[in-house]
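# coords please:
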Amino acid sequence: MEWSRPVVLLDNFEKDEHTKTLQRLRGVVVTVEPHIPTSESEIESADALTEASLTCIERSGKTIQQAFYESQSQWIDDPIISQWRDPNHRVHQVLSEVHDLYHAWSSAQTKPFSPSANVFSLQIGRLLADVGLPWHNNQINMPNEIDTSWPFHFKSYEMRILRAKGARVGDPDASGYVSNVSEANCYCIRALQQELREKHPTRRPILVYDHFDPKILKSVEAFFGLELHQISLSNGRDDLIHDLKNVTADGTRPIIFTATLGNANGEHDDMEMICEISHALPLFLHVDATRSFDYITTLPKRDRRQLGIQEFTLGMKSLDQSLRSRDGSIIAGTIVAGGFNCDASAPAVALKPASLGANHERVAYTRASDSTLAGSRDAVSILWLALQELQLGEAGYQEVYQHCASMRTELLRRLQSSGVSTGAPRYSFDVIIRNCSREQKEHLVKLGGSLTGKGEVVLTVQPQAKLEDVESVISIMSPTTQHYSAMDLEQDLTSYPIPENIVNELRATVQSWKVATRSAAGYPFHMGSLSALGPIIGRFLDLLIPDDWVKARSGEILTARMETFGLHTARDRSMFQGAFTNGSTMGNRVGIHVALRHFPDAFVYFSSESHYSVIKTMRDCDALTNRWIDRGPRYSQIPSDANGSILVETLVQQALLDKMQCLRRGEAYHMILFANMGTTFVGARDDLARIRASLNAAGIEISYIHVDGALDFGFDNCGIALGPPGSTGPDELPRVQGITLSHHKAMGNMVSGEVLCYSLGGELASLVSPIDPRVVFETWLYSQIYTSSDLGTMLQYCRANASRLVSGLKRLGVATKRNGQELIVVLERPPAWIIEEFSLRPQGDWVHFITMPHISPETVDFFVERIASVERQCEIAFSYVKPLLSPGFMRPVKLRRVQCGSPLGEKAAKLTQSLQPLNSAYDTCPNTTVNACIRGALSVAVIDEDEQLQAVFLAESLRDMSIRVGPILMASTYRDCTWATMDIGAQLIGFMARHMQAMVRTDEASYAMCLF
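Numbering: from 1, shown residues only. Below is the predicted model of the structure:
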């Protein structure tokens, strides 16, 4: 059956649109004047065109279907996406349902008093879709850590936010990053804890708070092992000091005071009283200004003094110094900054001085430090916030907030004149309405109001609020009040455009991503699905997704996931809870701490090949490190075998040692096992059946198992089932109590994930934070479009490509490793520019190439050809210099490229133990130099007919397509021909660089002669 799909003829259909498209591709925006037909034939042609256009729209459906059809020019085909071109495919039925949602949500009115809705955010959402977002992205690592092989981020924009917001509190060089409100607060509090560990290692801190969000503090308590103490700042100063001296051992324990300038109930902390406390007790301050930062930091000083709003300075002070600085501002060690969107799932900026906190270990895999809490981050949310900063700037914020202030003043005046009891927090534009009837509350919530635990309603005055909205509130609270006109408070909210050069830059960036995606093979991310579904999702970026829809779909998705993992009845599922997360790193962190809620004194075991963030989770928590008691840590990183699986015998030995310690102390012993399901560098899976059998034989029971299947669980359950602690299935495989998976890995939607945990007492709910509604929408969309059969087909496609890659590399003699039928193929390091080109991830002497669905067989073949071409180019260079070397060495020799996974590479590395520099100007040839050159895959060994090393010309490949010349290692037998060897070495590197079109870089170590 032939597919009757819309066809656009560029020579006679929407020429103006074609011109605009060309200009967008070239990074230029132009205005095209409409063409007015003049001749009769043109008019007839235009009529026919109109009819064709209507037919086209009719066939493609309306908005959503049309966006889907028009996006085909950018699709990255795989066995599933290619089926969607068939008009009879079920995807089109799903799109019809999606269109209905779009129509319903786009018709809804924006709520004027909702903390999660503002007109500027919706405007930016439209712009993001217009420039081609969402496309697959990941803002992994800190904003100043750039991996040049991974361009799929907006870190330059994130740096602009940090500088702009930091400058408004006195630190334009502030460090930090953008995340959700909960993570931003946790990150800042951790930074203060780390500072105290560094500067005051023997003084145990205590976290003190009053109105701070208790849910966030529950996470802080678990994640970092901090002790919490709540006070009421409304008590007198002397009573507060007396209370705090008791809990701080007379001031010997430093305080981390977490203050809020506005919580969801409209409450804020008394900053004057906190300053008073700091005069008497050692204290660092963290401020959550999520709801108010942009307002209070752009407010003129005169207005700030009039309103009693404190000024804050981001900076560090000595522990015993007062919070009040000489200029009268309050010194905050860390601040979370937000603005118009101030609900719990909104993006916020964590700010800290650059020198505050710990220096985290560098992770070779990501070419950066593992400093963030969640690891991967959605770049679109960050860009969203950055564009608002660019759109308004300090002057724009002042104008808009002046409008909000006037509107709130009018609302309060009208309510008070109607006898309604209200509250007006000084740091925000909240209006608290007290003593509401049930019916009044329902009506106020429809306007965006939020219910508090005290039975009050909080209205957040947003920029889009109008006088008619004020009238709506008055009519709800006092229907008999006479309506009358007030001053004109309307404001033009369209006068804050995004600069045109920024829009063009974003379009060009997304266009470049379409090209770079095809060969990005280092991360386990499916980068192709958004090429087709991104334009659909983009239509929703300027819409608010209803809370009730999010809640309903969340429940359905998590229930279906539980069924996938063996929880088929409602009774089985009642013992577990599921939640969405902002990625598998946070899912693992939460999962580990849920396990510890069940077994607080348990020992945690994980392999050395577990994700690099797992050890960070352990080190972050004082309760797990046993920092404040004279004991070793309650976790063990167990070595792995050559395939990346945990060494079971070593695990058993360590568990026995830990159990004996517990018995000697008269304490119960519990084991929490963190297992891997394909998430290691080499794609290893830990053998749960063997682990349990070996431990049982040693008299040890596993109390709780959490499995990280971030990638693999996106395809299927891998034979894993959930169940209560200690339970087993019919196959005698132990049931696990928790699992983690990522959405952006196997499926490719926005950075997010899920965690399922055994949670009889609600242990999970207290540790997870609210998620961006887009996460639920995208996960639902994918679940409707992709069937389990589709996932199986996609997995087989990926596996076939992995097998194809292994076969191609083996033909070239390249060392590889692969676990079973996993998608991850590990190979010895190729030249650095190939690592860069394909965004490969390194670890030691190896890199891995992951055949995700967007990696086609042609890309695999192209990669193999790139490796083969290096060998060919080297062989040509070798043919030139081989006749020059043999006479000097007085024997026939051969030249071979040194690869780090080969025996020759091992031999060359061992030479460092016996090297003697010939030139005194170059004292030593350090191991780091030799290792870097060997890993560069361009060093050349000279061997004789007995395969014995005679010399090594060290050369390091660099990511910028250049070769850094290293020393020459040569057998001492040839001491007398060093100058000739150096000359030949220079020619050799020159030939290789010429054929590879690489630059040659030299330094003081280049051609330095070292004898062995």
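# how far does the host helix or strand of Gln653 sit from the chain's center?
Gln653 belongs to helix 648-665 when assigned by DSSP states H and E. Computed by Cα atoms, centre = their mean, to the nearest Å, the chain-centroid distance of helix 648-665 equals 36 Å.
# Packing partners of it?
Helix 648-665 is packed against strand 603-607, strand 635-638, helix 688-697, with contacts defined by 3 or more Cβ pairs under 8 Å, 6 or more residues apart in numbering; DSSP states H and E. Quick note: C-beta positions are derived from backbone N, CA and C, even for glycine.
# The second one pairs with which strands, parallel or anti?
So that's strand 635-638. Strand 635-638 has the following strand partners under DSSP bridges: strand 603-607 (parallel).
# At which residues are the helices of the stretch 851-1000 of the chain located?
Assigned by DSSP state H, counting those that start in this stretch, the stretch 851-1000 of the chain shows helices spanning 857-889, 903-910, 927-935, 978-996.
# quick one: low-confidence parts of the stretch 101-250 of the chain?
Counting by pLDDT under 70, the stretch 101-250 of the chain contains no low-confidence segment.
# And the strands in it, which stretches?
175-180, 206-209, 227-230 (DSSP state E, counting those that start in this stretch).
# hang on, the earlier thing: compile the helices and strands packed on helix 648-665 into a markdown table and extend it with columns for distance to Asn927.
A markdown table is the format used below for the helices and strands packed on helix 648-665 (distance: least, Cβ to Cβ, whole Å):
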| stretch | distance to Asn927 |
| --- | --- |
| strand 603-607 | 27 |
| strand 635-638 | 25 |
| helix 688-697 | 36 |
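# Now do the contacts for the closest residue to Val91 other than its chain neighbours.
Closest residue to Val91 apart from its sequence neighbours, by Cβ to Cβ, 6 or more residues apart in numbering: Trp84 at 4.8 Å. By Cβ atoms under 8 Å, 6 or more residues apart in numbering, Trp84 lies in contact with 68, 91, 532.
# Could you tell me the per-residue confidence at Trp84?
At Trp84, the pLDDT value in this model is 98.
# Look at the nearest residue to Ala710 once chain neighbours are set aside and say how many residues are nearby.
Leaving out its chain neighbours, the residue that sits closest to Ala710 by Cβ to Cβ, 6+ apart is Ser584, at 3.7 Å. Residues near Ser584, counting by other Cβ atoms under 10 Å, number 32.
# Repeat that for Asp716.
Using other Cβ under 10 Å, Asp716 has 15 neighbouring residues.
# Now that it has come up, it's in contact with Asp790, right?
No: with contact defined as Cβ atoms under 8 Å, Asp716 does not count as touching Asp790 (11.7 Å).
# circling back: so can I have a markdown table of the helices and strands packed on helix 648-665 showing distance to Ile331 and mean pLDDT?
Output for the helices and strands packed on helix 648-665, formatted as a markdown table (distance: least, Cβ to Cβ, whole Å; pLDDT from 0 to 100):
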| stretch | distance to Ile331 | mean pLDDT |
| --- | --- | --- |
| strand 603-607 | 37 | 98 |
| strand 635-638 | 36 | 98 |
| helix 688-697 | 51 | 97 |
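# so which of the ones you listed is the most packed in?
Comparing these by mean neighbour count (mean count of other Cβ atoms under 10 Å), strand 603-607 comes out on top with a mean of 25.
# So what touches that strand?
592, 595-596, 614-615, 618, 624, 634-640, 644-647, 651, 654-655, 658, 669-676, 680, 686.
# how about it as CSV, C-alpha atoms only?
The C-alpha trace of strand 603-607 is given here as CSV (Å, rounded to 0.1, in the frame of the first residue of the first chain):
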residue,chain,number,x,y,z
PHE,A,603,27.3,-2.5,56.3
VAL,A,604,27.0,-1.6,52.6
TYR,A,605,29.0,-3.5,50.0
PHE,A,606,29.5,-2.6,46.4
SER,A,607,32.1,-3.4,43.7
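# start at 539 instead
Fine by me, first position is 539 from now on; the one you just mentioned is strand 1141-1145.
# Tell me the helix or strand right after the lowest-mean-pLDDT helix or strand in the chain.
Here the helix or strand of the chain ranked lowest by mean pLDDT, DSSP states H and E is helix 578-598, holding a mean of 36. Next in sequence after helix 578-598, counting helices and strands by DSSP H and E, comes helix 601-608.
# Return the distance of stretch 1006-1021 from the chain's centre.
45 Å.
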